[in-house]
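Enquirer: Provided below for reference: sequence and predicted model.
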Amino acid sequence: MNDVIAIDGPAGAGKSTIARRVASQLGYTYIDTGAMYRAVALWAIRTGIKPDEATRLEQLAVAAEIGLDAQQRVFLNGEEITEAIRTPEVSALASRVAAVGGVRTALVLKQRAIAASRGVVMEGRDIGTVVFPAARVKIFLDADPGERVQRRATEQPDVPTEQLAAQIAERDARDRGRTESPLLQAPDAVYVDSTGLTLEQVEKKILDIIEVSKGNTPQVE
C-alpha cells in the first residue's frame with residue numbers, strides 16, 4: 001500500500017472539497033468513494049434494479065469498471081458519468097446502495113487496488129475504519145449540523161432549506177445506524193471541526209496534521 005490520507009465524516013462536512021485541495025497540495029490522487037457508490041446507483045437505475053435487490057446490486061458493483069482521473073471525472077464502463085451521478089435520483093439511491101454489504105465489499109477491493117499504485121487522499125464514511133485501517137493519517141472532518149445544512153443550501157439553492165435539513169438528518173441516521181461499515185471515528189483519527197472555518201483554515205489544519213505525522217514540525221504563522 002502506498003501513502004494513504006483517509007478523511008471521513010458526515011454529509012456536508014466539506015470532505016470532498018478539502019480532500020481535493022489536500023491532494024493537490026501533496027501531489028496525490030484524490031479518490032471520491034461516494035462517486036463510486038453513485039456510479040453503482042446510476043447503473044442500477046438504468047438497468048431497473050431496485051434498492052432491495054441486494055444480490056443484483058452486488059453483481060453490478062463487482063462488474064462495474066469505475067474510473068476516476070486527475071480532473072475529478074468519473075467513468076463507468078468507459079462512459080463519463082461525472083454529471084449524471086449528481087442528480088437527485090442518484091443521490092437518493094446512492095446511500096441505500098452503500099448500505100448493501102456486498103456492494104461495500106466489492107468497492108472496497110476496488111478502492112484498495114487504486115491505492116496500491118499511488119499516494120491517495122481518499123474520503124468517505126469508513127476509510128479509516130474499514131477501507132484503510134492502517135492509513136498513515138486519519139482525519140474525521142465534522143461540522144455543526146446547521147452549518148452543514150447551510151453548505152448544502154449554497155450548493156443546491158433551489159432546494160428548500162427544510163428539505164435539505166431533513167435529507168442530511170436522514171443520511172446521518174442511515175450512515176451511523178447501518179450494520180455494514182457504519183460512520184464512525186477511528187480511534188486513532190484526528191477530529192477536525194470545520195464549523196466557522198474557511199476552506200484555507202481547514203486545509204492548513206489538515207496539512208499540519210500530515211506534517212506532524214512525518215515527524216516534522218509545521219510552520220506556525
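Expert: That came in fine, so what should we check first? Numbering: from 1, shown residues only.
Enquirer: which stretches of this structure form strands?
Expert: 4-8, 29-32, 66-68, 74-76, 79-80, 120-124, 137-142, 190-193 (DSSP state E).
Enquirer: what's the longest helix seen in the chain in contact with?
Expert: Across the chain, the longest stretch assigned as helix under DSSP state H is helix 161-177. Helix 161-177 is contacted by residues 10-12, 95-96, 99, 125, 145, 148-150, 152-153, 156, 182-184 when judged by C-beta atoms under 8 Å, 6 or more residues apart in numbering. Bear in mind the C-beta positions are built from the backbone N, C-alpha and C, glycine included.
Enquirer: point out the ones among these that are inside helices.
Expert: Counting by DSSP H, the contacts of helix 161-177 contribute Ser95, Arg96, Pro145, Arg148, Val149, Gln150, Arg152, Ala153 to helices.
Enquirer: the residue nearest in space to the middle of the chain and Lys50: what is the separation?
Expert: For the chain, Gly124 is the residue whose C-alpha lies nearest the centre (C-alpha atoms, centre = their mean; 2.6 Å). For Gly124, the distance to Lys50 equals 24 Å [C-beta to C-beta, to the nearest Å].
Enquirer: and what of Gln111?
Expert: Distance from Gln111 to Lys50, by C-beta to C-beta: 25 Å.
Enquirer: so the two - more neighbours on which side?
Expert: The residue with more neighbours, out of Gln111 and Lys50, is Gln111; 22 against 12, by other C-beta atoms under 10 Å.
Enquirer: and the more buried one, how far from Pro88?
Expert: Taken as C-beta to C-beta, the span from Gln111 to Pro88 is 25 Å.
Enquirer: okay, domains of this structure per the record?
Expert: 1-28+118-214, 33-117 (automatic domain parsing).
Enquirer: grab the nearest non-local neighbour of Leu141.
Expert: Gly9 (3.9 Å; C-beta to C-beta, 6 or more residues apart in numbering).
Enquirer: so the one you found is in contact with Lys15, correct?
Expert: Yes: here Gly9 lies in contact with Lys15, judged by C-beta atoms under 8 Å, at a distance of 5.1 Å.
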